[in-house]
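S.K.: predicted coordinates and the sequence they were generated for:
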Amino acid sequence: MSGAVWSYSENESVSNEVASAAADVAKGASAEPVVLEIGAVRAGVRAPGAKLLLKGPATSDVPPEVAAEAIAKASKQLQPAAILIGATRYGREIASRLAVKLTVGCLSEVSKLSADGNALAGERNAFAGKVVAKVSCALPAIATVKVGYYAAVESAGTAVTESDVGQVNPLVKVVSREKKAAGAVDLRSAKVIVSAGRGVKKKEDLPMLEELAREMHGALGCSRPLSSDLGWLPEEHHIGLTGVTVKPDLYLALGISGQLQHTAGMKDSKVVAAVNTDKDAPIFQASDYGIVGDLYQIVPAIRKALASRR
């Protein structure tokens, strides 16, 4: 495995995206892409090449400090050229711990990753997406890969190599776990997103937008106030700099003002349409189409038009 480009995420779908990034980096680094598994091999995780199973931790469901220590031990033995981690909350903690343990550079929340044999380079958004920064560091290196940017790897290698990293004792003991309620649809994979903002007057009005999203074969998203401040929707629906980054074919913003925090999460959408009562709302500057009007009048009109086409 020496000289390989490793990829890892605790989330299976994110792992398949990071594996795609690793395949790109491996080409420039004259290395092989290798998908890491910790404790157990997961059937839903695909690999463009081989998998490396780190044995020792009991299961793949381990705390970040255990995952970081396991990867660090294996890395010191096998000397990978780069380690790519999905930029989830869990993954960012692993990457930061790894960078300290291995005393190597770490690129944060990057996309368009490449390697030239000496350095790892990529791009990351800065100033709420207003600026694209080009960053790099010498190999060996670590990077957290922007979630939602890379297409999931399609190939499915079957070779599995094992490395015994021994037992890793966490400093914090997990007493119990409760599964967090998640949205019915993964926003990152949605082709159409209907997104709600503060223009929605009350929580009881959200079903109207949910129905519109369903009729458009899409998913319902929202701006930060509806999830974080009001709690009307789970956090998984929050689109923005501190939420989910999406790039659907159509993004319909309803009653969203369009502050930088929000537009940073949807600016890569192919087509953006917005409805807002304020003709000067910033969302119109990020839109391909805009309607100055009340969503309570526009949404029923859109649904009526859709019904007439069925």
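M.R.: Yes, it's here.
S.K.: low-confidence ranges, the chain, go.
M.R.: For the chain, applying pLDDT under 70 flags the ranges 1-2, 58-60, 128-129, 157, 174, 177, 179-185.
S.K.: could I get the full set of helices for it?
M.R.: Secondary structure of the chain (DSSP state H): helices at 12-29, 64-78, 89-102, 206-215, 224, 260-263, 295-309.
S.K.: of all these, which lies closest to Leu139?
M.R.: With Cβ to Cβ as the criterion, Leu139 lies closest to helix 12-29 of these, at 6.9 Å. In short, each C-beta sits where N, CA and C put it, glycine included.
S.K.: quick one: buried residues of the closest one?
M.R.: For helix 12-29, a neighbour-count test (16 or more other Cβ atoms under 10 Å) marks 14-26, 28-29 as buried.
S.K.: pull the distance from it to the chain's centre.
M.R.: 14 Å (Cα atoms, centre = their mean, to the nearest Å).
S.K.: tell me the angle of that helix relative to helix 89-102?
M.R.: Relative orientation of helix 12-29 versus helix 89-102 (axes from the mean of the first three to the mean of the last three Cα atoms, to 10 degrees): 40 degrees.
S.K.: which one among the buried residues of helix 12-29 gets closest to Leu120?
M.R.: Among the buried residues of helix 12-29, and counting by Cβ to Cβ, the member closest to Leu120 is Val25, at 6.8 Å.
S.K.: what is the burial count for the closest residue to Gly290 other than its chain neighbours?
M.R.: Leaving aside its sequence neighbours, Gly290 sits nearest to Phe284 (Cβ to Cβ, 6 or more residues apart in numbering; 4.4 Å). When neighbours are counted by other Cβ atoms under 10 Å, Phe284 registers 19.
S.K.: dump the residue contacts of Phe284.
M.R.: Shown in contact with Phe284 (Cβ atoms under 8 Å, 6 or more residues apart in numbering): 258, 274, 276, 290.
S.K.: show me the contacts for the first one.
M.R.: Residues in contact with Gly258 (Cβ under 8 Å, 6+ apart) are 274, 276, 281-286.
S.K.: ok, now Asp116?
M.R.: Asp116 neighbours (Cβ under 8 Å, 6+ apart): 28-29.
S.K.: if I look at Ala4, how far off is Ala87?
M.R.: From Ala4 over to Ala87 the distance is 21 Å, taken as Cβ to Cβ, to the nearest Å.
S.K.: cool, and Ala219?
M.R.: 21 Å.
S.K.: re earlier: and which of the buried residues of helix 12-29 is nearest Glu93?
M.R.: For these, the nearest to Glu93 is Val14 (14.3 Å; Cβ to Cβ).
S.K.: I figured the closest one hits Arg89, correct?
M.R.: No - checked against Cβ atoms under 8 Å, the pair Val14 and Arg89 is beyond contact range at 11.3 Å.
S.K.: that older thread, could you dump the contacts of Phe284 into a markdown table and include distance to Lys55?
M.R.: Output for the contacts of Phe284, formatted as a markdown table (distance: Cβ to Cβ, whole Å):
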| residue | distance to Lys55 |
| --- | --- |
| Gly258 | 50 |
| Ala274 | 52 |
| Asn276 | 55 |
| Gly290 | 56 |
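S.K.: show me which pair in those residues is furthest apart.
M.R.: Gly258 and Gly290 (10.1 Å).
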